[in-house]
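**Student:** return atomic coordinates for the entry below.
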Amino acid sequence: MTAMISASELATALGPGVPPEDRPVLLDVRYRLGGPPGLPEYAAGHLPGAVYVDLDSELAAPPGAAGRHPLPDADVFGTAMRRAGVSHDRDVVVYDAAQGWGAARAWWLLRWAGHERTRVLDGGLAAWAGELTEEIPVPAEGDFVPRPGQLPTLDADGAAELARRGVLLDARAGERYRG
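**Tutor:** You can find the predicted model right below:
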């Protein structure tokens, strides 16, 4: 399974002939750096069936010594994913407005926690040509139980060491990179 799914592929996966239980779980993770959470944008229109997941409270632990958005507690993350309908045997598609930060974080966290059937909507919501809805779905609770550590992590000391002997790419927004 590739990490990305095109809007046309997603439209096919959500088509009228596809039984609801075979459709991917959709997670709307819109987020604005330094702005309010994406919930108002979600409420104004989202992909049909998509569940909103909050980056600050469900995809990160509270800010502290470990940074502004440290890895979430596995139990908190698992509860949020089950509430959103995530199960081990169902595909998950994550999307944000277009910039990719929220979607990339959700994708990485799900993969890190052991959910391999996760993809990012290529181009985010901006690429979606289908209808949007204001209807808030209430999905059946999923059965996803996180197994943290399925992808590598790097702490500040490890990043400093890597920077001394290799190449370290910082993909944060410019405002975050500059402090």
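**Student:** correct me if wrong: D96 contacts A126.
**Tutor:** No. Using CB atoms under 8 Å, D96 is not in contact with A126; the gap is 9.5 Å. All C-beta spots, glycine's among them, are computed from the backbone N, C-alpha and C.
**Student:** those two: which is more packed in?
**Tutor:** Set D96 next to A126 and count neighbours by other CB atoms under 10 Å: D96 wins out with 26 against 12.
**Student:** what's the more buried one sitting at in phi/psi?
**Tutor:** Here is the backbone geometry of D96 (degrees, to the nearest 10): phi -130, psi -160.
**Student:** phi and psi next, for the residue nearest to it when sequence neighbours are not counted.
**Tutor:** Closest residue to D96 apart from its sequence neighbours, by CB to CB, 6 or more residues apart in numbering: G102 at 3.9 Å. In terms of degrees, to the nearest 10, the main-chain angles of G102 are phi -60, psi -40.
**Student:** distance of G102 from Y52?
**Tutor:** Remark: distance between G102 and Y52 (CB to CB, to the nearest Å) = 11 Å.
**Student:** between these two, which contacts overlap?
**Tutor:** V29, R30, G38 (CB atoms under 8 Å, 6 or more residues apart in numbering).
**Student:** list just the nearest of those to G45.
**Tutor:** Proximity of the shared contacts of G102 and Y52 to G45, judged by CB to CB, is greatest for R30, which lies at 10.7 Å.
**Student:** who's in contact with the most centrally placed residue in the chain?
**Tutor:** Geometric centre of the chain, nearest residue: A106, 2.3 Å, by CA atoms, centre = their mean. A106 makes contacts with L27, V29, V53, L55, L59, V94, T118, as judged by CB under 8 Å, 6+ apart.
**Student:** three-state assignment of the residue nearest to it when sequence neighbours are not counted?
**Tutor:** For A106, ignoring the flanking residues on the chain, the nearest one in space by CB to CB, 6+ apart is V94 at 4.1 Å. Classification of V94 by DSSP: H, G, I helix; E, B strand; the rest coil places it in strand.
**Student:** any idea what V94 is bridged to?
**Tutor:** L27, V120 (DSSP bridges).
**Student:** so which residues of the protein form strands?
**Tutor:** Taking DSSP state E, the strands of the chain run over residues 4-5, 25-28, 51-52, 92-95, 118-121.
**Student:** show residues contacting the lowest-mean-pLDDT helix or strand in the chain.
**Tutor:** The weakest-scoring helix or strand in the chain, judged by mean pLDDT, DSSP states H and E, is helix 174-177 (a mean of 74). Contacts to helix 174-177, defined as CB under 8 Å, 6+ apart, come from residues L33, G34, R68, D170.
**Student:** same thing with stretch 43-57?
**Tutor:** Residues contacting stretch 43-57 (CB under 8 Å, 6+ apart): 14, 23, 25-31, 37-39, 42, 59, 69, 80, 83-85, 95, 102, 105-106, 125, 128, 130-137, 139.
**Student:** all set now, cheers.
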